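**Q** Return a 3D structure for these sequence lines:
(chains A and B)
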Amino acid sequence: MKLLFVLITLIVPALTASVMAEESKNKQPNIVFILADDHRWDYLSVMGHSFIETPNIDSIANEGVLFENAFVTSSLCSPSRASFLTGQYPQQHGVQNNFTVWDNKNVTYFEHLKKAGYSTAFIGKWHMPGGLPTLRGVDQFISFEHMGGQGAYYGTPYIVNGKKLKLGESPIEGVNINGYITEDLTNFSLKFIENNKDQPFALYLSHKALHLPMTPPTNLAGRYDDEKVTLPKEADSWLAFADGNFKHFLWDPLEEKMKDYAETAMAMDQQIGLVLDKLDELGLSDNTIVVFAGDNGYMWGEHRLIDKRWSYEESIRIPFIVRYPNGIKNPGRRSQEMLLNLDMAPTFLELAGIEVPDQMQGKSAVSVLEDKDETLRDAWLYKYYEDYPYPVPEQLALRTKRYKLIDYKRGKKDELFDLKNDPLEQINLIDKANMQDIYQELKTRLSAMEVEVSQPTATTK
Amino acid sequence: MNWFLNNVPSQWRVAYGVIFTAIIMTVIYDYGWQIGLPLSLRNLSGLILFACIMFGAAASYVGARIYGSDYSQAIKISVIVPVIWHIKEMIVAMGFYGFGAGLYAGLQGPYLFYYGIIFMITGVFHLVYQVTLKCQKKPSDKLFKSTALLFLPMFTLGGLEGGVMMVFGFDLFVFQGFLTGYRAFIM
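**A** From the prediction side, this is the model:
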């Protein structure tokens, strides 16, 4: 009898745990997508940054897959955000710069998830031209139009499902407004997760951080004041005031602004930690896909430039990290595959067991998550559309694993870089006699790819 | 140096000196890194260049007055530095956007406010110069009117931008109004 009792006490919990784990694997995964604004790929401690502290984002990487070659197909907030949502190039979804409006006919991954029974929420910065959209497939849409959709670090009034709230009024019952936008958006998200813990959910948490004016919360302001910032060799402390850069209104020596940026990133990391803790607390971590990404890169003096937009690596590279304990093989890996922002939507759909629609131009990265020996792509197309009056020429680029060809519409000589031998893109090889075959090959491919991604057959219906 | 003294009218000498300094500093600031100049030197050249752009007009104005220009001629001489910088900015914009859009880019708020600020700084320099003349019991301008005229552009611009923003919630010069004009007349 005693033996039977011992056996039962040992076997029953083991069986229960095994059944629960199996159930969790079979259940549709939850999706938490956290988008940072203007976050460089290397401003993470996991990427070896000299002083920034991002332990929570690091933990996503340590328990998941960090894509070291993740890029955006247009390095500007609005087009990039639309690509994350639709899985399409800007040539298709139509948001080409900060003035071309979002077309409500665009289909986002939310619509497909909703049809598959997901509870959905978009919380945070929308910032696409034309104001807040009718976002089909989203149950809870909390955003803002303050400061032209940019929001402010302190003092942003929110809009919930189209209803404009007063400053300080909370969009969710039981959640107080703290005032610092990164914390507020996190608190709304925590409540959404809590309220939907018993059904599959998809959360899109879109931070204002780290966008200008890069304001950290008061408790972190000045944390990195004593740190030494090393500028790129071509940069200097006054670059923010020079040439067209003054139009970004940074009004600080470059090193000081970079410290503000790092402090703002650390504040966001702390809030991301709260989201991860909530998933743990509710026992949802194993079956939740957590993705942390940036909407574009940011140049801090490279090529004597500040901001994004350009086709240079610092501008087009983004952080992109995926954690999904139930679906990732060999976690803690780093992938060298070239992943694009428009790959995210098809990846989510495939992981949720939904057929990826034809109009999505991105490729699912599930094979990479499963550690299969498959290549996502060997080349891809970048396009920056004219965004008057910013002093940046319209440009088209082809980025392969080794080379980058940049075709400027006007105002600047085209550029060809060998990224293997010249990762900082300092030597333009376009006129070198021994590079002409490669140049012609890349040029032909670039033109073909531009035609391919712009094909009207691929447009959304 | 002799050529400079023999050929450049004395009223223009400070203005020309500022332009020459600004060109040298631009070369050091923009290209110094390519020949390995230390960061401290490049930072210093940046500061001097910035000072030329912001204070060059006021310095040119005082220089012209000291060498005998009257009020209006000194103002004409003082604007040469800001106008050259402004034209350079428009040429950059023309390279990326074409002639018409590049020219229109020169009307963007930051440039208008730049003129407002440099006239205001010139006003402060003028005030100090006139007070000095009065203290030395030398002939001087009508202090209030001549100074107020130099502050007027900034007050007008600031008042319009702030007033329209308060009443209509519309930013007239920096982005919204400027881009409305761009869409209506240039695009």
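
**Q** show me what contacts the residue most central in space within chain B?
**A** Residue closest to the average C-alpha location in chain B (Cα atoms, centre = their mean): B:Pro82, at 3.3 Å. B:Pro82 sits next to B:Ile53, B:Gly56, B:Ala57, B:Tyr114, B:Tyr115, B:Ile118 when contact means Cβ atoms under 8 Å, 6 or more residues apart in numbering or on different chains. From N, CA and C alone the C-beta is placed, and that goes for glycine too.

**Q** Make sure I have this right: it is in a helix.
**A** Yes - with DSSP: H, G, I helix; E, B strand; the rest coil as the criterion, B:Pro82 is part of a helix.

**Q** need the residues of chain B near chain A, please.
**A** B:29-30, B:33-34, B:39, B:42-43, B:46-47, B:50, B:89, B:92-93, B:95-98, B:101, B:105, B:108, B:110, B:178-179, B:182 (Cβ under 8 Å from any Cβ of the partner chain).

**Q** try 6 Å this time
**A** B:Trp33, B:Arg42, B:Asn43, B:Gly46, B:Val92, B:Gly95, B:Phe96, B:Ala105, B:Gln108 (Cβ under 6 Å from any Cβ of the partner chain).

**Q** and the strand or helix carrying A:Asp269, is it in reach of chain B?
**A** Assigned by DSSP states H and E, A:Asp269 belongs to helix A:254-281. No - Helix A:254-281 lies apart from chain B when judged by Cβ under 6 Å from any Cβ; the minimum separation is 10.1 Å.

**Q** Would you mark the buried spots in the lowest-mean-pLDDT helix or strand in chain B?
**A** In chain B, no helix or strand scores lower on mean pLDDT, DSSP states H and E than helix B:2-7, which sits at a mean of 83. For helix B:2-7, a neighbour-count test (16 or more other Cβ atoms under 10 Å in any protein chain shown) marks nothing as buried.

**Q** Ok, stretch B:57-67 next?
**A** Result for stretch B:57-67 [16+ other Cβ under 10 Å]: buried residues B:Ala57, B:Ala58, B:Ala59, B:Ser60, B:Tyr61, B:Val62, B:Gly63, B:Ala64, B:Arg65.

**Q** Might one say that the last one is in contact with B:Ile75?
**A** Meaning B:Arg65. No - under the criterion of Cβ atoms under 6 Å, B:Arg65 is not in contact with B:Ile75, lying 9.9 Å apart.

**Q** Need the per-residue pLDDT for the closest residue to A:Asn56 other than its chain neighbours.
**A** Leaving aside its chain neighbours, A:Asn56 sits nearest to A:Gly273 (3.7 Å; criterion: Cβ to Cβ, 6 or more residues apart in numbering or on different chains). Looking at A:Gly273, its pLDDT is 98.

**Q** got the contact list for the closest residue to A:Val356 other than its chain neighbours?
**A** Nearest non-adjacent residue to A:Val356, counting by Cβ to Cβ, 6+ apart: A:Pro346, 4.4 Å away. A:Pro346 is in contact with A:Gly87, A:Val356, A:Met360, A:Gly362, A:Ser364, counting by Cβ atoms under 6 Å, 6 or more residues apart in numbering or on different chains.

**Q** before we move on, what SS does A:Pro346 have?
**A** What three-state DSSP gives for A:Pro346 is helix.

**Q** where do the helices sit along chain A?
**A** Along chain A, the segments classed as helices by DSSP state H run A:2-26, A:55-62, A:77-86, A:90-93, A:109-115, A:181-195, A:254-281, A:313-316, A:344-351, A:366-369, A:436-454.

**Q** and of those helices, who's closest to A:Asp307?
**A** Among those, the nearest to A:Asp307 by Cβ to Cβ is helix A:313-316 (7.8 Å).

**Q** which parts of the helix holding A:Asp269 are buried?
**A** Neighbour count says helix A:254-281 has A:254-273, A:275-276, A:278-279 buried, by 16+ other Cβ under 10 Å.

**Q** again, but for stretch B:109-118
**A** B:Gly109, B:Tyr111, B:Leu112, B:Phe113, B:Tyr114, B:Tyr115, B:Gly116, B:Ile117, B:Ile118.

**Q** next one: stretch A:323-336
**A** Applying 16+ other Cβ under 10 Å to stretch A:323-336 flags A:Arg323, A:Tyr324, A:Pro325, A:Asn326, A:Gly327, A:Ile328, A:Pro331, A:Arg333, A:Ser335 as buried.

**Q** Does the last one touch A:Glu370 like I think?
**A** Read that as A:Ser335. No - contact criterion Cβ under 6 Å: A:Ser335 and A:Glu370 do not qualify, at 11.4 Å.

**Q** Near A:Pro216, how many other residues are there?
**A** 25 (other Cβ atoms under 10 Å in any protein chain shown).

**Q** so it touches A:Ala265, yeah?
**A** No - in this structure, A:Pro216 is not within contact of A:Ala265 by Cβ under 6 Å, at 8.6 Å.

**Q** Run through the stretch 101-250 of chain A and note the low-pLDDT ranges.
**A** Applying pLDDT under 70 to the stretch 101-250 of chain A picks out residues A:244.

**Q** Name all residues that make contact with the residue of it found nearest chain B.
**A** Going by Cβ to the nearest Cβ, chain B is nearest to A:Trp238 of the stretch 101-250 of chain A, at 3.8 Å. By Cβ under 6 Å, 6+ apart, the residues touching A:Trp238 are B:Gly46.

**Q** Does anything pack onto the least confident helix or strand of chain B? Which helices or strands?
**A** Using 3 or more Cβ pairs under 6 Å, 6 or more residues apart in numbering or on different chains; DSSP states H and E as the contact test, no helix or strand touches helix B:2-7.

**Q** how distant is that helix from the center of its chain?
**A** 26 Å (Cα atoms, centre = their mean, to the nearest Å).

**Q** Does anything pack onto the helix or strand following it? Which helices or strands?
**A** The helix or strand immediately downstream of helix B:2-7 is helix B:13-31, counting by DSSP H and E. Secondary-structure packing of helix B:13-31 (3+ Cβ pairs under 6 Å, 6+ apart): helix B:39-66.
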